[in-house]
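In: Build me a structure from this.
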Amino acid sequence: MNDFFCHDAKMFPYSQICFGFVFGCLLSLFQFNTPVFFAIFACILILSLYFKRFRILVLSILAATIYLLAYYHIFYNWELPQYQRGKSYKIDAQVIKIYEPLINTGNNIEHPIYFKAKLLKLDHENIKQTVYINLSWYKNKPQLNVNDTLTANVKVKPFRSLQNFGGANSELWAFYNHVKAKGYIDNKFGIKIIKDNAPDTQKILQQKISTAFIKSINYWFYKAILFGDKSAMPHTYKEKFKIMGISHLFAISGLHIGMMFAIGFYSVKFIIIISMIKPKQKLNINTLYTCTGFIFALTYTLLSGCSISAIRALIMLAVFSFMYIKGAQYFSYRALQYALIISLLINPFQLLNPGIYFSFLAVYILIFSYTKFSMEHNTALKRFSWLVIIQMNLTIGLFPLVWFFNDGASFIGIFVNLIAIPLMALFILPSIVIISFSSLFNLSTSLLLYLDMFLSELFWYLSELEVNVFWLQLGELSWQSLILIYLTLFLSFSSFKFFVYLPVFILLVNKLTEQKSIWQVDILDVGHGLSVLISQNNKTYVYDIGAKYMTGLSIAQTQIIPYIKGKNLTIKHTMLSHRDNDHVGGLQDWINFGLKDTLLINTNLPQEIDTCTLGLMKFGDLKIQNLWPITKSKKSNNNSCVVKVSDDNFSILLPGDIHKNAELELISKSVDLKATILVSPHHGSNTSSSSGFIAAVSPKWVIHSSAFNGRWLMPHSEVMHRYTELGVQQLTTGISGQIRIKFFSDKYLIESTRSKQNYWFLVN
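Out: Prediction:
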């Protein structure tokens, strides 16, 4: 850092160029065309007038910005032309992946085929860029195979996902992976499928290797290790691996690529030693070992399907190997810089993938540990203590990142990894490699039997182990806090130690000056459905829990429960407005999560849900009034429990799916309906929201909980017109994402996920 603040410039200031390029990619990716981007760039520009090193930085940032924008326009800038609901497009597409059913619902419903396809033509126009679409096929489904080409009419729409605070952003994932649209096959038109009969070496080898493992009860494990395919992994094991801090063992990355390199390196070394071959002096024997190891790693990467993490690890290995052959310092920060720059030149949008941060930070920590804590390892105890130091450094160094992406971290990961990593590296992975090679050459081996017995015993113990107590749920960590934490760690090991308290001071000031709301309301983005969370002091009242779909997954399982866990909320009460699927579809998942005792009404699954009891209850400092149903109706929607939540100054009305006749009856009974915020009845359908009802409630804002471009086109245009005429401001979850209303003593603030997470390259 000292080098930045001087007047002279080196002949080739490589570190400054690297730092500027990486920083420029980050800045332009996440802040381009915002005041933050221009403010930071202006500050660096002003500094460059005095400090010459900053001129290099300015040029590097400019180069990164231009490169990233050019890359976007060449490889990513494609959108579905003139989207119209219900419009059918004729496509030619190649099947890339066929998805396994997520859950077997155990009924006789015919489930569709879900698959990913590469778009070749759209309405007879060739697609030059790489564009993928996610498709489903509901009726008259043929036998589809990967690499088949189909010509069909499809109804598609731009890829768009649910957006809730703290949740995974599927739109970023889809953008990075070139998934631009989703839809279904239109069976009204002719469909042509061209079977792919060309031999695929990768597929043939994968199938050949798979035959050795396919009958094993642990096939899901071998499939994950060999091919990076975790689709068959039981969900319970996925959760337990995450809690124990060993999920990284099942993503083909640095550990696996490094081990394959080591197997190749030491295998050829062993063969040369035992064969008594004496290479000629001109031959650099270490070059032979290194190249063989790299070929092993490359082969493994190709066989595994070239996952993003595997390619990233292979790039690092290629750089380290090249520098080793050249006699340069190969395990160094300079080598890591080369690898990072090469990765970003291949695709600067890799910065959207969390894996790149984990990969490069982990290797940075390993290099730091190697240089800072290197020692003579002449005894087993010293070797073990060195491994413990490395694992501690990795755990501490990666902890903020794990917290940021998972809202928590495992506090036994350090101990589990001390056993799991050597076990995987020295026994499990080499055994799988030996079995795989044996299967390729039709050689039988009993090693699989012993490995299976060992793994079965291990997984049995794991299934019996209660691991939830080992997970530290910390809540959401902002990206600003993440940067300040790493800045603190960096400064503590730099020559600028006296600045180490500055980021800590900023964090403390921010925490102490943060204005906390008295209570808040979260209308989650659940598609067509409803789920409202009312919270005070981390205690929460839940109104409805969304739908359940044909796949067997529910909104409660995929959106609401992860949100609750991420925010460390304690659910005290759950009100289910009525029995429609889009309001109570996730009830069984809710009960399975241990929230049955929070239900305020009796339920008799799967059909019967009692209406709520009229009356008033206290919830902290809030009043919760059940206003309806006064009389029971034949229509399920009109039996919705109408709830009003209020403090001394503000209130919100939750009317469920009541229709106009129920609205009129509420008005006729002189019920106090006035509220600051209204969640529109029946998602903004024209069956509801009569002018009289809107006038009686007299809200400042109305929130429509409905899907983006949903099949029922809610909120209805006439409903929106009625609210506008009466001066009510409107928001829709399908457009804005999750909507959060924070109530203070004298004001309220409204924010939404899509206004907070506004990426310039996402145009939908």
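
In: Tell me the pLDDT of the residue lying closest to residue 352 once chain neighbours are set aside.
Out: In this structure, residue 352 finds its nearest non-sequential neighbour in residue 176, 4.5 Å apart by C-beta to C-beta, 6 or more residues apart in numbering. (Each C-beta comes from the backbone N, C-alpha and C, glycine too.) Reported pLDDT at residue 176 in the predicted model: 94.

In: Pull up the per-residue confidence for the residue nearest in space to the middle of the chain.
Out: Most central in the chain under C-alpha atoms, centre = their mean is residue 168, positioned 3.6 Å from the mean C-alpha point. At residue 168, the pLDDT value in this model is 83.

In: switch to numbering from 27
Out: From this message on, residue numbering opens at 27, which makes the last subject residue 194.

In: rewinding a little: next, count neighbours for the residue nearest to residue 378.
Out: Other residues lying near residue 202 total 17 when counted by other C-beta atoms under 10 Å.

In: Can you get me a residue count around residue 755?
Out: The local packing of residue 755 (other C-beta under 10 Å) involves 12 other residues.

In: Alpha carbons only: can I get stretch 576-589 in CSV?
Out: Coordinates of the C-alpha atoms in stretch 576-589 are reproduced here as CSV (Å, rounded to 0.1, in the frame of the first residue of the first chain):
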residue,chain,number,x,y,z
MET,A,576,-47.1,-29.6,-8.4
THR,A,577,-43.4,-30.2,-7.8
GLY,A,578,-44.2,-30.8,-4.2
LEU,A,579,-42.3,-27.7,-3.1
SER,A,580,-44.1,-25.0,-1.2
ILE,A,581,-43.5,-21.3,-0.7
ALA,A,582,-43.3,-21.9,3.1
GLN,A,583,-40.4,-24.4,2.5
THR,A,584,-38.5,-22.4,-0.2
GLN,A,585,-39.1,-18.7,0.9
ILE,A,586,-40.8,-18.1,4.2
ILE,A,587,-38.9,-20.6,6.5
PRO,A,588,-35.4,-19.6,5.1
TYR,A,589,-36.4,-16.0,5.6
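
In: Averaged pLDDT, that stretch. What do you get?
Out: Averaged over stretch 576-589, pLDDT sits at 91.

In: quick one: the residue nearest to the centre of the chain is in a strand?
Out: No - remark: residue 194 does not belong to a strand; assigned using DSSP: H, G, I helix; E, B strand; the rest coil, it is coil.

In: Low-confidence ranges, the stretch 127-276 of the chain, go.
Out: Segments of the stretch 127-276 of the chain classed as low confidence (criterion: pLDDT under 70) are 127-136.

In: swap in the stretch 327-476 of the chain?
Out: Under the criterion pLDDT under 70, the flagged ranges of the stretch 327-476 of the chain are 400-404, 470.

In: Which residue ranges of it form helices?
Out: Counting by DSSP state H, counting those that start in this stretch, the stretch 327-476 of the chain has these helices, from start to end: 334-351, 359-372, 380-398, 406-432, 439-449, 455-466, 473-490.

In: now for those helices, which one comes closest to residue 682?
Out: Of all these, it is helix 406-432 that lies closest to residue 682, at 34.3 Å by C-beta to C-beta.

In: buried ones in that closest one?
Out: Under the neighbour-count criterion of 16 or more other C-beta atoms under 10 Å, helix 406-432 has 412, 416-417, 419-421, 423-430, 432 buried.

In: Any chance you could list what contacts stretch 710-725?
Out: Identification of contacts with stretch 710-725 by C-beta atoms under 8 Å, 6 or more residues apart in numbering yields 663, 679, 681, 683-686, 689-690, 692-693, 699-704, 706-708, 728, 730, 732, 738, 740-742, 744-746, 748-749, 751-752, 754, 758.

In: Same question for stretch 485-494.
Out: With C-beta under 8 Å, 6+ apart, stretch 485-494 has contacts from 244, 247, 262-263, 266, 269-270.

In: and the end-to-end length of that stretch?
Out: For stretch 485-494, the separation between the terminal residues is 16 Å (C-alpha to C-alpha, to the nearest Å).

In: and if you look at stretch 487-503?
Out: End-to-end distance for stretch 487-503, by C-alpha to C-alpha: 33 Å.

In: how far out from the middle of the chain is that stretch?
Out: When distances are taken as C-alpha atoms, centre = their mean, to the nearest Å, stretch 487-503 is centred 19 Å away from the chain's centroid.

In: Would you mind giving the domain segments of this protein?
Out: Each structural domain of the chain that the record assigns through automatic domain parsing is listed here as a residue range: 28-102, 115-220, 231-381+433-491, 505-539, 545-782.

In: Give me the local confidence score for residue 83.
Out: On the pLDDT scale, residue 83 is placed at 86.

In: mind checking which helix or strand the nearest residue to it once chain neighbours are set aside is in?
Out: In space, residue 83 comes closest to residue 46 once its chain neighbours are excluded; the distance is 4.4 Å by C-beta to C-beta, 6+ apart. Secondary structure here is read from DSSP states H and E; on that basis residue 46 sits in helix 40-57.

In: Flag every buried residue along whichever helix or strand comes after that helix.
Out: From helix 40-57 onward toward the C-terminus, using DSSP H and E, the following helix or strand is helix 61-74. Of all the residues in helix 61-74, those buried under the rule 16+ other C-beta under 10 Å are 63, 67, 70, 73-74.

In: got any ranges where the stretch 677-790 of the chain has weak pLDDT?
Out: Counting by pLDDT under 70, the low-confidence segments of the stretch 677-790 of the chain come to 790.

In: Going along the chain, name the helices of it.
Out: Remark: helices assigned in the stretch 677-790 of the chain by DSSP H, counting those that start in this stretch are 686-694, 717-723, 743-751, 759-762, 779-782.

In: can you tell me which residues contact residue 236?
Out: Residues counted as contacts of residue 236 (C-beta under 8 Å, 6+ apart) are 249, 252.

In: Mind doing that once more with 7 Å?
Out: With C-beta atoms under 7 Å, 6 or more residues apart in numbering as the criterion, no residue contacts residue 236.
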